[in-house]
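> Build the 3D model from these lines:
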Amino acid sequence: MKRDEFAEMRAFLEVSKQRSFTRAAGKLGVTPSALSHTVKALESRLGVRLLSRTTRDVAPTLAGERLRAGIEPHFDGIAAQVSALGAMRDQPSGHLRIVSTDDSVDIVFRPRLAKFFADYPDISVELIVDNAYSNIVEQQFDAGVRLGESIAKDMIAVRIGPDVAYCVVGSPQYFERHPAPVTPQDLTEHRCINYRLPTSGAVYAWELRDGAREFSVRVEGQFTLNNMGPAVQAALDGVGLAYVPRELVRSYIEAGELQEVLHQYCPTFQGYHLYYPSRRHLSPAFSAFVEAFRFRTK
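Residues are numbered from 1 along each chain as shown. From the prediction side, this is the model:
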């Protein structure tokens, strides 16, 4: 295969995966215009239309699906062989793309990333914060991070953190104006910071527990967010009560900047897990990352 033909095939394959010239161009490091010309050249050379283009989407035609099915395994094999050569180096190398929730970045990755980069100077990590349940295969992530209870059965899951205890917290200034809740029912009298689920768009109902009985409470408040970090800051600012992982606010509780309430009603969830498809080829760089962040009890 000539060099230009290889580039055309790779360009077509990336566009068909991303279903977008803009996203594919970003992955390949070219402009969308140049990428469009490359794919058109391939279509002209083959004499068939490979992609159906609309203002909102780009999708393979029947001929395009047939071509993709035929060439994708070969490109995957080339990528696997190139990655395998890294095993012959003294140090693993490569670029990893991980999608993670914002709270797990602070709780799991920040404390350990500096040491990981020092131990593996030839590995780079792109950490994308996305609280939605991203399809890591379609979006070409090496792995994702979720609480253990949320991982699909067809994925391999590696525990990278301890169990996650949630808590309800508010600032001393807030409690000067509002008596602390004693029971979950008291939350109806409080201003609470809501969390909108990125996947469904619904407002999250706080999950609480009374002994073995689990229940959810829909709270009210003037402020709604879609991630944990700003919710913690809002609680520090006295906006209202926040329901967040305790590890995320432990230092603020110890410093007296936040006060914990309803402790006996707050649940503990399975810890964060790194998950990836069972059929995924494990490069030396990815294997090193998994082992570096694997949770181990002391």
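> When you work out contacts or count neighbours from here on, use the C-alpha atoms and nothing else.
OK.
> outside of the least confident helix or strand in the chain by mean pLDDT, which residues touch it?
None of the helices or strands of the chain scores lower by mean pLDDT, DSSP states H and E than helix 62-85, at a mean of 80. Contact with helix 62-85 is made by 10, 13, 16, 48-51, 94, 281, 283-284, as judged by CA atoms under 8 Å, 6 or more residues apart in numbering.
> try 7 Å
Helix 62-85 is contacted from outside by 13, 50-51, 281, 283, using CA atoms under 7 Å, 6 or more residues apart in numbering.
> quick one: least confident of those residues?
Across the set of these, His281 stands lowest in pLDDT, at 72.
> That residue: which element?
Following DSSP states H and E, one finds His281 outside all helices and strands.
> For it, which non-adjacent residue is closest in space?
Spatial nearest neighbour of His281, chain neighbours left out: Ala80 (6.8 Å); criterion: CA to CA, 6 or more residues apart in numbering.
> number of nearby residues for the one you found?
Residues lying near Ala80 (other CA atoms under 10 Å) number 15.
> again with Ala118
Each residue near Ala118 was counted by other CA under 10 Å, and the total is 10.
> That one: what secondary structure?
Classification of Ala118 using DSSP: H, G, I helix; E, B strand; the rest coil returns helix.
> Against Gly161, how distant is it?
21 Å (CA to CA, to the nearest Å).
> Which of the helices or strands spans the spatially closest residue to Phe116 that is not a sequence neighbour?
Take Phe116 and drop its neighbours on the chain: the residue closest to it by CA to CA, 6+ apart is Ala292, 6.8 Å away. Using DSSP H and E, Ala292 maps to helix 284-293.
> That helix vs helix 62-85, what angle?
Put simply, helix 284-293 runs at 70 degrees to helix 62-85, going by axes from the mean of the first three to the mean of the last three CA atoms, to 10 degrees.
> Leaving out sequence neighbours, find the closest residue to Phe269.
In this structure, Phe269 finds its nearest non-sequential neighbour in Val164, 5.1 Å apart by CA to CA, 6+ apart.
> for the one you found, what are its contacts?
245, 268-271.
> which one of those residues has the most neighbours?
Pro245 (21 neighbours).
> so who does that one touch?
By CA under 7 Å, 6+ apart, the residues touching Pro245 are 164-167.
> try it again with 10 Å
103-104, 107, 164-168, 228, 232, 267-269 (CA atoms under 10 Å, 6 or more residues apart in numbering).
> Just the buried ones from those residues?
Neighbour counting by 16 or more other CA atoms under 10 Å classes 103-104, 107, 164-168, 228, 232, 267 among the contacts of Pro245 as buried.
> And the helices in the protein, which stretches?
Assigned by DSSP state H, the chain shows helices spanning 3-18, 21-28, 32-46, 62-85, 102-104, 110-119, 172-177, 228-236, 246-254, 284-293.
> right, so of the ones you listed, which gets closest to Asn135?
Comparing the helices of the chain by their distance to Asn135 (CA to CA), the top pick is helix 3-18, with 12.0 Å.
> list the helices and strands that closest one packs on?
Helices and strands touching helix 3-18, as assessed by 3 or more CA pairs under 10 Å, 6 or more residues apart in numbering; DSSP states H and E, comprise helix 21-28, helix 32-46, strand 51-53, strand 58-60, helix 62-85.
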